[in-house]
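In: sequence? don't have it. structure:
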């Protein structure tokens, strides 16, 4: 098993584009429908296809919005209408053993498909909600948070 993990890391390092090392983004917006935005610091940016997602960004959709994001480790997040998810932490440096994904869902609906981080280091992936923290172990899930 240890050999297999080392092999996966070696393949990932060889596969990762050289430009990715200098790119500090966690991922990119893949799809946008209706109203959706990225809140970065104090600024709210309209979500557009190929816009970078950074650690600390809050992803928001309006009543008619949906948003699809692919992170660098191939994790997929899809948000439905009236949703908000914060990318609290994203570290993807397999060669250095730095793997972490922590997201915090504040409201709405989201579908999650795990990526490489969950496969290589399952204990390093957390999906936090107002009532619980979910440890993800290489899976997919749907989360809905009802407004109070």
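Out: Everything's here; your move. These numbers were taken from a predicted model, which means no experiment stands behind them. Numbers count the residues shown, from 1 in each chain.
In: low pLDDT regions in this protein?
Out: The model of the chain has pLDDT under 70 over residues 1-22, 132-138, 147-148.
In: show me where it has its helices.
Out: Here the chain has its helices, by DSSP state H, at 2-15, 116-120.
In: and the last one, what does it pack onto?
Out: Using 3 or more Cβ pairs under 8 Å, 6 or more residues apart in numbering; DSSP states H and E, the elements in contact with helix 116-120 are helix 2-15, strand 98-113. All C-beta atoms are positioned from the backbone trio N, CA, C, and that covers glycine.
In: please name the bridge partners of the most centrally placed residue in the chain.
Out: Residue closest to the average C-alpha location in the chain (Cα atoms, centre = their mean): residue 71, at 5.1 Å. Legend: beta-bridge partners of residue 71 under DSSP bridges are residue 27.
In: list the contacts of the closest residue to residue 58 other than its chain neighbours.
Out: Leaving aside its sequence neighbours, residue 58 sits nearest to residue 39 (Cβ to Cβ, 6 or more residues apart in numbering; 4.0 Å). By Cβ atoms under 8 Å, 6 or more residues apart in numbering, residue 39 lies in contact with 45, 57, 58, 60.
In: next: residue 73.
Out: 92, 99, 101, 115, 116, 117.
In: phi and psi next, for the residue lying closest to the fifth one once chain neighbours are set aside.
Out: The shortest distance from residue 116 to any residue that is not its chain neighbour, by Cβ to Cβ, 6+ apart, is 4.0 Å, and that residue is residue 73. Taking degrees, to the nearest 10, you get phi -90, psi 10 for the backbone angles of residue 73.
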